[in-house]
Each structure stands twice: as C-alpha cells, then as structure tokens.
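Visitor: Generate a structure from the sequence data that follows.
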Amino acid sequence: MTSTQFLQLLKREDIKYRVVDRYVDVDGNCELFGLNLTEIPIQFRHVSGSFSCHSNQLTSLKGAPYSVGGYFYCHRNLLTSLSGAPSSVGSDFYCAGNPVAFTEEDIQRAMQQRRQQGTVECVIDKLVRQ
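Guide: Now for the predicted structure:
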C-alpha cells in the first residue's frame, strides 16, 4: 500500500488528520485494526486520542506515532521487536499476542529508544531547514 492509498484509507475510516511537513497528526482516535496491514507506510507524529493497529500482520512498528494521548494497542500482529513504538503513551500499551512475549522492560526500552531517536530527528530536521 502506498502512502497516498494509506491516506485515502484514513479518510474512508473517518480519521481526522493533517499532514505537517512529512508527518501525519491525528486529532482524536486512529483505529486501524483488522485491516490486514503489513506495514504503516506513513510516519505518524502525534495522535491526540488512542492509536490501535492490532489484529493486522505488522512485522514492524515503523510509522507508528511518536506520541499517543490515549492507549496504544499493537497486539495480535507479527511483531518480534517494539522498535518504533511511541515515546509516550497516555494510557495502556498493549502488545500481547505477537510471536514474542514482550515484557514491561521491553516496552520501556523501546519507548526510551524512540525518545532518543526523536531528539536526533528533530535536530536533523532543524539543521536541514536552516
């Protein structure tokens, strides 16, 4: 699925979003479960509500939001790593039912790595713009 097709999917699912630079922000919830997705072909930045990409065939969280105001559900996929997980989640982070039984430490480590990556991306983005 291309990024254009994915944005059309968001419209069909009645998800209110806006593109800011190369990132997608969502005002409210972003429910993408049970759509047989194998990837998230765009880069979400912030979702003010909850983000649910469970019950798909995702092998990676690449493209997942940097921050989520509500819960983050990525259970029942094909994930073997939580790399790309949000750096902050306002409520529950649920990742059971993947080939790997992730621990709370795995979740914390993935969120910390994303915080560090986000800082680097922000710095690079600022340098590119100057």
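Visitor: Quick check, pLDDT for Asp125.
Guide: According to the prediction, Asp125 has pLDDT 40.
Visitor: low pLDDT regions in this protein?
Guide: 118-130 (pLDDT under 70).
Visitor: What ranges does it have for its helices?
Guide: Counting by DSSP state H, the chain has these helices, from start to end: 3-12, 104-129.
Visitor: The first one packs against which elements?
Guide: Translated: helix 3-12. Using 3 or more Cβ pairs under 8 Å, 6 or more residues apart in numbering; DSSP states H and E, the elements in contact with helix 3-12 are strand 17-20. Where you see a C-beta, it was placed from the backbone N, CA and C, and this is true even at glycine.
Visitor: mind listing what the strand it packs on pairs with, with the direction of each?
Guide: strand 23-26 (antiparallel) (DSSP bridges).
Visitor: now the partner strand, how far from the chain's geometric center?
Guide: In terms of Cα atoms, centre = their mean, to the nearest Å, the centre of strand 23-26 is set 10 Å apart from its chain centre.
Visitor: which one is the spatially most central residue of the chain nearest to, not counting chain neighbours?
Guide: Centroid-nearest residue in the chain, with Cα atoms, centre = their mean: Ala64, separated by 1.5 Å. Residue nearest to Ala64 in three dimensions, not counting chain neighbours: Gly84, with 5.2 Å by Cβ to Cβ, 6 or more residues apart in numbering.
Visitor: Show me what Val19 bridges to in the sheet.
Guide: Val24.
Visitor: gap between it and Phe6?
Guide: Using Cβ to Cβ, to the nearest Å, we find Val19 at a distance of 12 Å from Phe6.
Visitor: still on that earlier bit, doesn't Cys74 make contact with the residue nearest to the centre of the chain?
Guide: Yes. When contacts are counted by Cβ atoms under 8 Å, Ala64 is listed as touching Cys74 (7.5 Å).
Visitor: Between those two, which contacts overlap?
Guide: 53, 85 (Cβ atoms under 8 Å, 6 or more residues apart in numbering).
Visitor: how near is Tyr23 to Asn36?
Guide: 24 Å.
Visitor: for Glu104, same thing?
Guide: From Glu104 to Asn36 the distance is 29 Å (Cβ to Cβ).
Visitor: wait, isn't Phe102 in contact with Ser81?
Guide: No. Look at Phe102 against Ser81 with Cβ under 8 Å: they stay out of range, at 9.0 Å.
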